[in-house]
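Undergrad: just coords:
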């Protein structure tokens, strides 16, 4: 998970993609309503994000909080929050990993954001 976050912070879509299983699925509500199917489709979403973001910033500083990791055999679940205090948003993420040929790959990602009401 930390390798993917490092690639995300570096705005490196190719490196991010290297953590995806070929058959990854994802829910990325800011990109589309339906489930994303496959590495190529999810990589395309992250590449578009990088293309939009990089002209304004060279690097992100996303720091996972409230990290929970569960491992059972060849499956693992990682859940965390990223809080953006300036925007008053909590970015909630859950990732399912699968171990294939000795490597942990992201098999499913679920993203949702929560905006707190301003006081």
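TA: Received, thanks. Owing to the predicted nature of the structure, the values given are computational and were not obtained by experimental measurement.
Undergrad: Other residues contacting the helix ranked longest in the chain?
TA: Determined from DSSP state H, the single longest helix within the chain is helix 39-53. Helix 39-53 has contacts (Cβ atoms under 8 Å, 6 or more residues apart in numbering) with 8, 11-14, 16-17, 20-24, 26, 28, 31-32, 36, 60, 109. For every residue, glycine as well, the C-beta is placed using N, CA and C.
Undergrad: Narrow the residues you listed to just the buried residues.
TA: 8, 11, 13, 16-17, 20-21, 24, 26, 28, 31, 36, 109 (16 or more other Cβ atoms under 10 Å).
Undergrad: which of the residues you listed lies closest to residue 101?
TA: residue 21 (11.1 Å; Cβ to Cβ).
Undergrad: name the helices or strands packed onto the helix or strand containing residue 80?
TA: Residue 80 is part of strand 75-84, with elements assigned from DSSP states H and E. Counting contacts by 3 or more Cβ pairs under 8 Å, 6 or more residues apart in numbering; DSSP states H and E, strand 75-84 is packed against strand 65-72, strand 89-100.
Undergrad: Give the buried residues for the longest one.
TA: What it means is strand 89-100. Applying 16+ other Cβ under 10 Å to strand 89-100 flags 90, 91, 93, 95, 96, 97, 98 as buried.
Undergrad: Pick the one among those residues closest to residue 67.
TA: residue 93 (10.1 Å).
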